[in-house]
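Peer 1: Sequence and predicted structure are below.
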Protein chains: 2
Amino acid sequence: MKKVVKFGGSSLANAEQFRKVGEIIRSEESRRYVVPSAPGKRFDGDTKVTDMLYACYAAAEAGEEFSGKLQAIKERFREIIQGLSLDLSLDREFEQIAADFSAHAGKEYAASRGEFLNGKVMAAYLGYEFVDASEVIRFDKNGVLEAEKTNKLLGKRLAKCEKAVIPGFYGAEDSGKVRTFSRGGSDVTGSLVAKAIMADLYENWTDVSGFLVTDPRIVENPAVIENITYRELRELSYMGATVLHEEAIFPVRKEGIPINIRNTNHPEDKGTFIVESTCRKPKYTITGIAGKKGFCSINIEKSMMNSEIGFGRKVLQVFEDQGISFEHIPSGIDTLTVYVHQDEFEEKEQQVIAGIHRAVSPDFVEMESDLALIAVVGRGMKSTRGTAGRIFSALAHANVNVKMIDQGSSELNIIIGVENRDFETAIKAIYDIFVLTQM
Amino acid sequence: MKKVVKFGGSSLANAEQFRKVGEIIRSEESRRYVVPSAPGKRFDGDTKVTDMLYACYAAAEAGEEFSGKLQAIKERFREIIQGLSLDLSLDREFEQIAADFSAHAGKEYAASRGEFLNGKVMAAYLGYEFVDASEVIRFDKNGVLEAEKTNKLLGKRLAKCEKAVIPGFYGAEDSGKVRTFSRGGSDVTGSLVAKAIMADLYENWTDVSGFLVTDPRIVENPAVIENITYRELRELSYMGATVLHEEAIFPVRKEGIPINIRNTNHPEDKGTFIVESTCRKPKYTITGIAGKKGFCSINIEKSMMNSEIGFGRKVLQVFEDQGISFEHIPSGIDTLTVYVHQDEFEEKEQQVIAGIHRAVSPDFVEMESDLALIAVVGRGMKSTRGTAGRIFSALAHANVNVKMIDQGSSELNIIIGVENRDFETAIKAIYDIFVLTQM
């Protein structure tokens, strides 16, 4: 049994959090490969080490004095090392960093040092081998991950380690130049490690007890999703739900390795299992609800449009020519509506309208802005009749005006368009009907 | 007050029906312009005069003896004339027809003689002037109506008549060659006359008491729609509901002339008013339900498709290249479904699938056939919350599996995809919830 365990920044913010992590790792022999983030916030208003590093490097790059800023970072690590009573010095590492910052080693290099140093601390604390991510995670010259090469390097290197700490978030080009993933990229590192060693499970430890049915900023204490498929996760993530870095899904998904989202502060909670597929029925009919505001609809009317071959294609061509991607194209009889992102659309609005008039001579074009899209996602919906009825009855009951409905053949999600101002009300209403009434 | 009154074939099938029509016309001074069809079926299994004419002309064209067939037609008219005790002989007209048939005057000419002769009878019966449609309804050499020219000719000619009978269904080219509309084209004639004389109302007398909420072959004795807008009618007609010839809408719609569908056998019924717009609330939330079977869905899945500019356009291009028009394109996240007519699609299926693979490299393409689309149409839906909820609850209750939902910004209709075998059940369920429960 081999598990890869990744810990987020809040799980490693100070010595107290480190001790929780140590207990978690030691409680199971199989937790052999550890991917740490950089220390996060210890309290509200605190600064993450990564942000301290960015600020410090910005000073260095501007030719300003940065030793004070670097000292503050060192202090964060000293506090952890001392709190854990470790016999570890990072003096040499900080000297190197100071030299590299003076030599303008790059913003990505700077950002990566939080994980690098935290990995050193973690390795010393656990007694695991430290494997520098620069040696095993490979990027090309454009900063794009080289997945194949990385997999080989990681597999070969870790085959020699019984237990290892691999810092998250970064890697390097062939030349040794450090490169990073986008924010939250330690999730990707964990996923790459899991794939390379063919882990049985990839545990992703955070400060929440799993993936929530909906946004806790909208619904108080939403239920935790026990099992979610990669596909459902992808759909909810696309619509704005975030826990995991999007690119973290692909490496493990291909190998059928499940991800378990866990809470470092509540290790007794089982968290969420993200799996390729499962015959386990979801607890509720729906798996999750997510949504985004800020859409705009362009409603095109033309008598007999359905029999006009090429009508839809010509309309979409207009959007494409302006570099605008569409979200949905619900249609009625003699009407076609195109949903786009308001911010992308606004500045090209007049060109698009003119283009539509030229391309298809519509009877009528009308626009509406400040719309939100909500996705109700769930593999359980396919086998449960009446889901749509319950959703729309709940929305009617909550006085929400439904502007658009879209459900394709997948039957795994229903997309609902509402006005921005009805967004929260709509999500609450759907949550209540499926989760609070426990059906 | 000027009304144009058009009577369908069943309203003029025999002398008894003619007398009903006469009573209707004489009961209102304003019914000044009459458009008759050819005599229809007198009983189940009877043959319409138009079909007798087609058969007779086919014999003439093949060089066969056709005088017996023509005599049978003459007998139909003799029966009416005698039943009405009219002092009218059609001998001269039938001699001319026999001569023209022998000279192979054309199928459209042949078909038109039913209306021509019936117009003569009607004019004699009412004491109205007979205006031959050949003189006032103009077609071009391709058999396409010349709307402008027709409007001028009709307007000028009828300005001179206080009361006139204008036979439906046909007109002529400049050369005098007779041309006809497609089947049911007397509706179009009535509409053209109404526009030309700027009628206050166009009464279309048939054998039903108006436009029905849904298909009487599916729901027994469906309710009559009291008021329907042109747009709602167009939507229901597009989805298969038929009462009026589709092209009959355009001339009067532009002029804001309402159409009143009436029942010759029940003149006390108010029938259906078809209007451009109305502030009269519909009796039920929905105005009508119509649908068609025989669709096919092509479901395309590709991760991240929404952020791929041009994705939808490329997919539709493939269909366009094969000459296939689509009906709807519902989409989810990472999925796009294209609904097409099964008969159009089947023979090109493999080319389309190959084309999609080449054009957008999907992760997955899946097809489903034997699907039906149902349109629930109603201007009342926009102002009534919960319509969607009630529809989908009713469908769930009836155990109908909803394969697709599409509602664009117009909010005047919701399109629902179901399996062919659930088609009737679904329509019944929707009818029951909105009409039988009277809400």
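Peer 2: All right, it came through fine.
Peer 1: give me the number of residues near the closest residue to residue A:198 other than its chain neighbours?
Peer 2: Leaving aside its chain neighbours, residue A:198 sits nearest to residue A:255 (6.7 Å; criterion: CB to CB, 6 or more residues apart in numbering or on different chains). The C-beta positions use only the backbone N, C-alpha and C, and glycine is treated the same way. Using other CB atoms under 10 Å in any protein chain shown, residue A:255 has 14 other residues around it.
Peer 1: Spit out the contact partners of residue A:255.
Peer 2: Counting by CB atoms under 8 Å, 6 or more residues apart in numbering or on different chains, residue A:255 touches A:194-195, A:198.
Peer 1: now, which of those residues lie within helices?
Peer 2: A:194-195 (DSSP state H).
Peer 1: Name the member of the contacts of residue A:255 with the most neighbours.
Peer 2: residue A:194 leads the contacts of residue A:255 on contacts (other CB under 10 Å) with 30 neighbours.
Peer 1: Would you confirm that that residue contacts residue A:258?
Peer 2: No - taking contacts as CB atoms under 8 Å, residue A:194 lies outside contact range of residue A:258: 9.6 Å.
Peer 1: and for these two, which residues touch both?
Peer 2: In contact with both residue A:194 and residue A:258: A:201-202, A:252, using CB under 8 Å, 6+ apart.
Peer 1: Make CSV from these and add secondary structure, distance to chain B and pLDDT to it.
Peer 2: Shown next, in CSV, are the shared contacts of residue A:194 and residue A:258 (DSSP: H, G, I helix; E, B strand; the rest coil; distance: CB to the nearest CB, whole Å; pLDDT from 0 to 100):
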residue, secondary structure, distance to chain B, pLDDT
A:201, strand, 23, 96
A:202, strand, 20, 97
A:252, helix, 15, 91
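Peer 1: among these, who's most crowded?
Peer 2: That'd be residue A:202 among the shared contacts of residue A:194 and residue A:258, by other CB under 10 Å, with 27 neighbours.
Peer 1: can you tell me which residues contact the closest residue to that one other than its chain neighbours?
Peer 2: Spatial nearest neighbour of residue A:202, excluding adjacent residues (CB to CB, 6+ apart): residue A:194 at 3.9 Å. The contact partners of residue A:194, by CB under 8 Å, 6+ apart, come to A:4, A:33, A:201-202, A:251-252, A:255, A:257.
Peer 1: what's the spacing between residue A:194 and chain B?
Peer 2: 20 Å (CB to the nearest CB, to the nearest Å).
Peer 1: need the contact list for residue A:50.
Peer 2: Residue A:50 touches A:9, A:38, A:111, A:114, counting by CB under 8 Å, 6+ apart.
Peer 1: Which helix or strand contains it?
Peer 2: helix A:49-61 (DSSP states H and E).
Peer 1: What residues of that helix count as buried?
Peer 2: Within helix A:49-61, the residues that count as buried by 16 or more other CB atoms under 10 Å in any protein chain shown are A:49-50, A:52-53, A:55-57, A:59-61.
Peer 1: Looking at the contacts of residue A:255, which is nearest residue B:81?
Peer 2: Nearest to residue B:81 among the contacts of residue A:255 is residue A:195, at 91.7 Å by CB to CB.
Peer 1: how many neighbours does the nearest residue to the closest one once chain neighbours are set aside have?
Peer 2: Leaving out its chain neighbours, the residue that sits closest to residue A:195 by CB to CB, 6+ apart is residue A:251, at 4.2 Å. Using other CB under 10 Å, residue A:251 is surrounded by 23 other residues.
Peer 1: And for residue A:85?
Peer 2: 8.
Peer 1: and the residue positioned nearest the centre of chain A, what is it in contact with?
Peer 2: With distances taken as CA atoms, centre = their mean, the residue of chain A nearest its centroid is residue A:245 (3.0 Å). Residue A:245 is in contact with A:181-188, counting by CB under 8 Å, 6+ apart.
Peer 1: Need the phi and psi values for it.
Peer 2: As for residue A:245, its main-chain torsions (degrees, to the nearest 10) stand at phi -60, psi 130.
Peer 1: Distance of residue A:425 relative to residue A:217?
Peer 2: 14 Å (CB to CB, to the nearest Å).
Peer 1: Neighbour count: those two, which is higher?
Peer 2: residue A:425 (16 against 8).
Peer 1: could you check the distance from that one over to residue B:386?
Peer 2: 15 Å.
Peer 1: Next: residue A:93.
Peer 2: Noted for residue A:93: a distance of 64 Å to residue B:386, by CB to CB.
Peer 1: Counting neighbours, go ahead and name the busier of the two.
Peer 2: Remark: of residue A:93 and residue B:386, residue B:386 carries more neighbours, 19 against 15, as counted by other CB under 10 Å.
Peer 1: Surely the more buried one and residue A:396 touch.
Peer 2: Yes - if you go by CB under 8 Å, residue B:386 and residue A:396 touch, sitting 3.0 Å apart.
Peer 1: Can you name the element that comes right after the lengthiest helix in chain A?
Peer 2: Of all segments of type helix in chain A, defined using DSSP H, the longest is helix A:107-126. Using DSSP H and E, the next helix or strand after helix A:107-126 towards the C-terminus is strand A:129-130.
Peer 1: Tell me where the model's unsure across the stretch 251-400 of chain A.
Peer 2: Within the stretch 251-400 of chain A, no range satisfies pLDDT under 70.
Peer 1: Which parts of it are strands?
Peer 2: Remark: strands assigned in the stretch 251-400 of chain A by DSSP state E, counting those that start in this stretch are A:259-263, A:272-275, A:288-301, A:326-328, A:335-341, A:364-377.
Peer 1: Please tabulate those strands in JSON lines, including the columns distance to residue B:225.
Peer 2: Shown next, in JSON lines, are the strands of the stretch 251-400 of chain A (distance: least, CB to CB, whole Å):
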{"stretch": "strand A:259-263", "distance to residue B:225": "55"}
{"stretch": "strand A:272-275", "distance to residue B:225": "52"}
{"stretch": "strand A:288-301", "distance to residue B:225": "22"}
{"stretch": "strand A:326-328", "distance to residue B:225": "31"}
{"stretch": "strand A:335-341", "distance to residue B:225": "21"}
{"stretch": "strand A:364-377", "distance to residue B:225": "24"}
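Peer 1: With residue B:342 as the reference, name the closest of those strands.
Peer 2: strand A:335-341 (21.7 Å).
Peer 1: helices or strands up against the closest one?
Peer 2: Contact partners of strand A:335-341 among helices and strands, from 3 or more CB pairs under 8 Å, 6 or more residues apart in numbering or on different chains; DSSP states H and E: strand A:288-301, helix A:311-321, strand A:326-328.
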